[in-house]
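1. model the following, please.
(chains A and B)
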Amino acid sequence: MDDELDAMPDAAVLDGNALAGPLAALFGADVTAVPGRCAHCGHVSMVGALRAYTRAPGAVLRCPHCDGIVMRIVETAEATYLDVRGAAYLRFERR
Amino acid sequence: MVRPIDWQLATITAVRDETPTVRTFALSVPDWAGHRPGQHVDLRLTAEDGYSVERSYSIASAPGDDGAVEITVERIDGGEVSPYLHDVAIPGDRIEIRGPIGGYFVWEPSFDGPLFLVAGGSGVVPLMAMLRHRARLGARSPARLLLSSRHAEEIIYRAELDRLVEAGDGLEVVHTLTRSQPPGWAGYTRRIDERMLAEVAEPIGIAAARTYLCGPTALVEGAANALVRLGAPAERIRTERFGPSGT
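-> Next comes the predicted model:
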């Protein structure tokens, strides 16, 4: 692949898939197929489709539509903090 | 009963080289809940001093073999897990595994529409699980794989892809070789772009297809944007980004 492309800051972005395991450990189940509404722009996308930045301190999941932060995960020695202020809702379908 | 989100110990049962830098590891997992094509596992290595590192690897095998799961891993220079798997791990070794994980990037033959798969390098791994599952179930719906590799020797699963195409069940595979091509190569020689996507998807129809894109982030994002411009509904495109190529 072109080295110039890799040097772009966005070359390191992943998607919600990459955080499926850590998120499943918090929610008790896989949430990559759970739709969520972005609190910034209203766009609905599945958690797996969020753009994930895992190189920042902690991890940040951004809306693929407006790039606003939907979720933030921060790990400390004692606890994991999950900030979902950027999600207006997450929709867990009942079976 | 071990849940997919719990860590458990898997045993490497066999090792198979796919290319000079890519190797498949067959794992026996004692409590395996079965998986869907496209899902992945998390692997964890822990050093004696407690330092641990986790990486996600797509499951390469089709669902069906109880407790037997294959992952295909590209050796990345300077990586924290792949060099260990390639250079140190041997059959009989045990490794911590969690999964299967991921309900977003999955495909099953019951999903409607033709299947359009686009991958760069090791991004083909989860798509191979889909194609192996499709073949195992005898599905005949139209399917296309567009696979970008740097050199012909680096095409992962090349022989098996040829066999799947020869079976004549509606699958076509198109390769693009971006760095070097063998003598007489008549196929694509450039990185995936909008025109290539349009040409490859034309026989199956972009608007009706379910599309799965996997590989380096730049390839996946470029292809996803191009497909939307070509008329693919955004909700019928699923992506799995592997990050910068070579990392």
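2. got phi/psi on the residue in chain A positioned nearest to chain B?
-> When distances are taken as C-beta to the nearest C-beta, chain A reaches nearest to chain B at residue A:48, 2.6 Å away. Yep, even glycine has a C-beta here, placed from its N, CA and C like the rest. Taking degrees, to the nearest 10, you get phi -60, psi -20 for the backbone angles of residue A:48.
3. count of neighbours near the closest residue to it other than its chain neighbours?
-> With C-beta to C-beta, 6 or more residues apart in numbering or on different chains as the criterion, residue A:48 has its nearest non-adjacent residue at 2.6 Å, and that residue is residue B:104. Neighbour count for residue B:104, taken as other C-beta atoms under 10 Å in any protein chain shown: 24.
4. is it true that the residue of chain A closest to chain B touches residue A:20?
-> Yes - if you go by C-beta atoms under 8 Å, residue A:48 and residue A:20 touch, sitting 7.1 Å apart.
5. need the residues touching each of the two.
-> The contact sets of residue A:48 and residue A:20 overlap at A:32, B:102, B:104 (C-beta atoms under 8 Å, 6 or more residues apart in numbering or on different chains).
6. next, count neighbours for the second one.
-> One way to gauge burial is a neighbour count; for residue B:102, by other C-beta under 10 Å, it gives 29.
7. end-to-end on stretch A:25-43?
-> 26 Å (C-alpha to C-alpha, to the nearest Å).
8. regarding chain B, what is its longest strand?
-> The single longest strand within chain B, with elements called by DSSP state E, is strand B:7-19.
9. doesn't residue B:85 belong to a strand?
-> No - under DSSP: H, G, I helix; E, B strand; the rest coil, residue B:85 sits outside any strand and is assigned helix.
10. picking that back up, any chance of the shared contacts of residue A:48 and residue A:20 in a markdown table with secondary structure as columns?
-> Compiled in a markdown table, the shared contacts of residue A:48 and residue A:20 are given as follows (three-state DSSP):
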| residue | secondary structure |
| --- | --- |
| A:32 | coil |
| B:102 | coil |
| B:104 | coil |
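11. what pLDDT does the model give the closest residue to residue A:66 other than its chain neighbours?
-> Counting by C-beta to C-beta, 6+ apart, the nearest residue to residue A:66 once its immediate chain neighbours are dropped is residue A:41, at 3.8 Å. Looking at residue A:41, its pLDDT stands at 97.
12. against residue B:51, how distant is residue A:41?
-> 40 Å (C-beta to C-beta, to the nearest Å).
13. and residue A:46, by the same measure?
-> 33 Å.
14. between the two, which is the more surrounded one?
-> Using other C-beta under 10 Å, the more surrounded residue of residue A:46 and residue B:51 is residue A:46, with 23 against 9.
15. count the neighbours of residue A:77 for me.
-> Quick note: residue A:77 (other C-beta under 10 Å) scores 4 neighbours.
16. sorry, wrong one. I was asking about residue B:189.
-> Residues near residue B:189, counting by other C-beta under 10 Å, number 12.
17. surely it and residue B:179 touch.
-> No - when contacts are counted by C-beta under 8 Å, residue B:189 is not listed as touching residue B:179 (9.1 Å).
18. what sits against residue 70?
-> Let's take chain A. Per C-beta under 8 Å, 6+ apart, neighbours of residue A:70: A:36, A:38-39, A:50, A:61-63, A:84, A:86-87.
19. try chain B instead
-> With C-beta under 8 Å, 6+ apart, residue B:70 has these contacts: B:24-27, B:59-61.
20. same question, residue A:63
-> Contacts of residue A:63 (C-beta under 8 Å, 6+ apart): A:38, A:40-41, A:43, A:45, A:50-51, A:69-70, A:86.
21. what do you get if the cut-off is 7 Å, keeping everything else the same?
-> A:38, A:40-41, A:43, A:50, A:70 (C-beta atoms under 7 Å, 6 or more residues apart in numbering or on different chains).
22. filter those residues to the buried ones?
-> A:38, A:40, A:43, A:50, A:70 (16 or more other C-beta atoms under 10 Å in any protein chain shown).
23. which residue ranges form the helices in chain B?
-> B:82-87, B:124-136, B:158-166, B:194-201, B:217-229 (DSSP state H).
24. how about the residues of chain B by chain A?
-> Residues of chain B lying close to chain A by C-beta under 7 Å from any C-beta of the partner chain are B:5, B:42, B:56, B:98, B:101-105, B:216-218, B:239-241, B:243-245.
25. tell me which residue in chain B sits closest to chain A.
-> Counting by C-beta to the nearest C-beta, chain B gets nearest chain A through residue B:104, at 2.6 Å.
26. wait, that residue sits on residue A:19?
-> No - using C-beta atoms under 7 Å, residue B:104 is not in contact with residue A:19; the gap is 11.2 Å.
27. number of nearby residues for residue 78?
-> Because you didn't say which chain, this covers chain A. Residue A:78: 5 surrounding residues under other C-beta under 10 Å.
28. my bad, chain B
-> Neighbour count for residue B:78, taken as other C-beta under 10 Å: 8.
29. check contacts around the residue nearest to residue A:48.
-> Shown in contact with residue B:104 (C-beta under 7 Å, 6+ apart): A:16-17, A:32-33, A:46, A:48-49, B:238.
30. kindly report the same for residue B:108.
-> Counted by C-beta under 7 Å, 6+ apart, residue B:108 has contacts B:36-37.
31. show the backbone phi and psi for it.
-> The phi/psi pair for residue B:108 (degrees, to the nearest 10) is phi -140, psi 150.
32. I am finished for the moment; much appreciated.
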